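Chemist: sequence and predicted structure are below.
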Amino acid sequence: MAVAQAKKQTVAGYTNLVDEFRQYNSSDIRIKPYIDPDKPRQNMGLERYGQVLFEGTMLEQQLRCTIINGVTRYVTGLDESAESVKRLEGDQKDAKVKMIRETVSKLEAEIFFNTLKTDDPDFWSKTSLAPNRPDFWSTVSIVVGNEGLVLDPANPHELIKIIAAEAGGFDDIAGSYDDARKASNPPKFYMERRRDARVQESRLKQLRDGAIYELYKTRTEEPQKLFWYAKNLLPIANGYKKTDPIEIWYTDLGSFIEGTGIETDKKKAPEKFLAMIRYESEYTIVRAYVLEAAFTKRLITKADNKIYSRESGTLLGNNLEECVEYLRQPVNQMELDSIQNQIDPIWSR
């Protein structure tokens, strides 16, 4: 009896997509340009201007389809024979099929004034929304530009586009921001639900709050570490010295975490701070000396594009990180001592 009741609840637990999406207001769902912060040249540098297309141009996306053995089948998000549905088993599959049929039935009634019973064995032959009906699905497309596009779920034709986009029915429009981030070939646009945007904002806030907490904890327990973090994360040109009031480092690092400093990416900034505090103290200290030495021309890059000590002529590496690793080796302590002896007076003024 308990098993039967659980099965009934599982199947009934799926909400048809018409009712689900109509919980949103008319402006809650929109297609937005996707700009990957890790790939600044993804769209020929247009990302710098918050764009993914050239000014004044539009992208038109037809609904994606597959052709197998001469049969065309569209990616609608309303196909009970789709691979994502076939992989389900038992109650989950029954519930998914029920949800799809209820959604199709509601849309069929709204668009074509055609009443369908979801348990009709000939259900799919009686609906114009069958995924193999090119007379309808070939007309479904999305036209969007840099300014984005609002899709109103109260409009059944736009609701169909929302459902299809979420299912990956448009090649250059991801169903969500997370889908866009995971794509091996990033799309130009993604669909955002208002509550999804709030989730992203919440994640970012948690990340930022975590970094601010670690900053405060360091200020309380090991305040001198803030000097080394400042030297690693903030511009060397700021001229931080060990004699500065701790509040200067604390305030400027706080601005960095908030994304209002040299790193303006609101997500990368706290990530960089959290990554920095995880390094060994020795690493952050040596790296600070290397950055200062490079800034003050005590480390120089020669014609072979390798970095040398200006004083000793010693080759330290191909880049600054290699210089750090070189100087961390015990066998190279004398070279590190030489750099420290040059930099310490600057930091102690």
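Modeler: Happy to help now that I have it.

Chemist: helices along the stretch 101-250 of the chain, start to end?
Modeler: 134-137, 156-166, 177-182, 194-221, 225-233, 246-258 (DSSP state H, counting those that start in this stretch).

Chemist: what residue ranges in this structure score low on pLDDT?
Modeler: 1-14, 37-45, 48-49, 196-197, 199 (pLDDT under 70).

Chemist: coming back round to it: export the helices of the stretch 101-250 of the chain to TSV and tack on mean neighbour count?
Modeler: For the C-beta atoms, the positions are set from N, CA and C on the backbone; glycine is no exception. As requested, those are exported to TSV (neighbours: other CB atoms under 10 Å):
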stretch	mean neighbour count
helix 134-137	16
helix 156-166	21
helix 177-182	16
helix 194-221	14
helix 225-233	21
helix 246-258	18
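
Chemist: ok, which of those helices comes nearest E311?
Modeler: helix 225-233 (20.7 Å; CB to CB).

Chemist: now the residue nearest the centre of the chain, nearest residue through space, not along the chain?
Modeler: What sits nearest the mean C-alpha location of the chain, by CA atoms, centre = their mean, is R181, with 4.6 Å. Once flanking residues are discounted, R181 sits nearest to D36: 7.4 Å by CB to CB, 6 or more residues apart in numbering.

Chemist: one more: D244?
Modeler: F227 (7.6 Å).

Chemist: one step back: to F54, which of the helices of the stretch 101-250 of the chain lies closest?
Modeler: helix 177-182 (20.3 Å).

Chemist: what's the spacing between that closest one and its chain's center?
Modeler: Here helix 177-182 is found 6 Å from its chain centre; the criterion is CA atoms, centre = their mean, to the nearest Å.

Chemist: quick check: which helices or strands does that helix pack against?
Modeler: strand 189-193 (3 or more CB pairs under 8 Å, 6 or more residues apart in numbering; DSSP states H and E).

Chemist: what lines up beside the strand it packs on in the sheet?
Modeler: In the sheet, strand 189-193 lines up against strand 29-33 (antiparallel), strand 173-174 (parallel) (DSSP bridges).

Chemist: most packed of those strands?
Modeler: strand 173-174 (a mean of 26; mean count of other CB atoms under 10 Å).

Chemist: re earlier: so the residue nearest to R181 touches S184, yeah?
Modeler: No - the criterion here is CB atoms under 8 Å, and D36 misses it with S184 at 12.0 Å.

Chemist: those two - which one has more neighbours?
Modeler: Counting neighbours by other CB atoms under 10 Å for D36 and for S184 shows that D36 has the greater number, 15 against 4.

Chemist: gap between the more buried one and S138?
Modeler: 31 Å (CB to CB, to the nearest Å).

Chemist: same check, this time on L233
Modeler: The value you get for L233 to S138, if CB to CB is used, is 53 Å.

Chemist: ok, now D178?
Modeler: Between D178 and S138 the distance is 29 Å, computed by CB to CB.

Chemist: the nearest residue to L316 once chain neighbours are set aside in helix, strand or coil?
Modeler: With CB to CB, 6+ apart as the measure, C323 is the residue that lies nearest to L316, at 4.2 Å, once sequence neighbours are left out. With DSSP: H, G, I helix; E, B strand; the rest coil as the basis, C323 sits in helix.
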